[in-house]
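In: Could you work out the structure for the sequence below:
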Amino acid sequence: MNKNKKDKEKKLSELISILNNNKTIYLIDIFDLNSNQISILRKNFHENGITMKMVKNTLLKKAIIENRKFDSFYSVLNGNTTVLFSNLNVANITSKIIKNFHIEEKVSKPYLKGAYAQESFYFGGNKDLNILLYLKSKEDIIAEIINILKFSINNIISSFLDVTKYKICEMLKSLSYKKDESIKSL
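Out: Purely as a prediction, here's the structure:
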């Protein structure tokens, strides 16, 4: 087997692994960004546990054939494609990095081709990028529910304690009054 074929097989295997082992996958187009801008993006993604990898569409298509779960991506594999991936639930972080980059650099790239996050697919540009921006992970939603329940339970317990405290004070006052009367009657 020649070196070129081994290299392609290694890259294909790596792409299959990326698709199989990550919770968040973005396909973006970074064509026309200069090397400094790409470096800034790569650094920002890396700081948040997101890996950025430029790929060939033909290899990514072959990887998708191996993992039919990602067939939805097939239609957006044209032109320049860069894959962002992480085993963390970082869909909203990834979107924030892209959105902030658009604002800071005053450019429309990177362009969102497609994303897989929270077991759902999102496609095309700013509309879905904005949806992903506010997407909450299951863990975030559970934490919010727990906080709401905790707040409600605390209010119930506090109200109960206030009422109980008032009743105890009234009972003690009443007992004190009865004690005073029984002393007077002697």
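
In: All the strands of this protein, residue numbers only.
Out: Secondary structure of the chain (DSSP state E): strands located at 24-29, 51-55, 81-86, 111-117, 120-123.

In: I'd like those written out as a markdown table, with mean neighbour count, mean pLDDT and distance to residue 129 added.
Out: Bear in mind the C-beta positions are built from the backbone N, C-alpha and C, glycine included. Compiled in a markdown table, the strands of the chain are given as follows (neighbours: other CB atoms under 10 Å; pLDDT from 0 to 100; distance: least, CB to CB, whole Å):
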| stretch | mean neighbour count | mean pLDDT | distance to residue 129 |
| --- | --- | --- | --- |
| strand 24-29 | 23 | 96 | 10 |
| strand 51-55 | 15 | 96 | 16 |
| strand 81-86 | 22 | 96 | 12 |
| strand 111-117 | 22 | 94 | 5 |
| strand 120-123 | 16 | 92 | 8 |
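
In: could the ones you listed be laid out in TSV, adding distance to residue 144?
Out: TSV is the format used below for these (distance: least, CB to CB, whole Å):
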stretch	distance to residue 144
strand 24-29	20
strand 51-55	29
strand 81-86	22
strand 111-117	18
strand 120-123	19
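
In: out of those, which comes closest to residue 4?
Out: strand 51-55 (16.7 Å; CB to CB).

In: The closest one packs against which elements?
Out: Packing partners of strand 51-55 (3 or more CB pairs under 8 Å, 6 or more residues apart in numbering; DSSP states H and E): helix 3-21, helix 35-47, strand 81-86.

In: If we use 10 Å, what do you get?
Out: Contacts defined by 3 or more CB pairs under 10 Å, 6 or more residues apart in numbering; DSSP states H and E place strand 51-55 against helix 3-21, strand 24-29, helix 35-47, strand 81-86.

In: where does the chain have low pLDDT?
Out: For the chain, the stretches flagged by pLDDT under 70 are 1, 159-163, 165-166, 175-186.

In: Residue ranges of each domain in it, please.
Out: Split into domains by automatic domain parsing, the chain comes to 3-135, 137-186.

In: now do the same end-to-end measure for the longest one.
Out: Meaning domain 3-135. 43 Å (CA to CA, to the nearest Å).

In: Renumber starting at 2 from here on
Out: Renumbered: residue one is now 2, and that last one reads domain 4-136.

In: what distance separates that domain from the centre of its chain?
Out: With CA atoms, centre = their mean, to the nearest Å as the basis, domain 4-136 stands 15 Å off its chain's centre.

In: hey, which of the domains of the chain is tucked in deepest?
Out: domain 4-136 (a mean of 16; mean count of other CB atoms under 10 Å).

In: wait, isn't residue 17 in contact with residue 69?
Out: No: if you go by CB atoms under 10 Å, residue 17 and residue 69 don't touch, sitting 11.8 Å apart.
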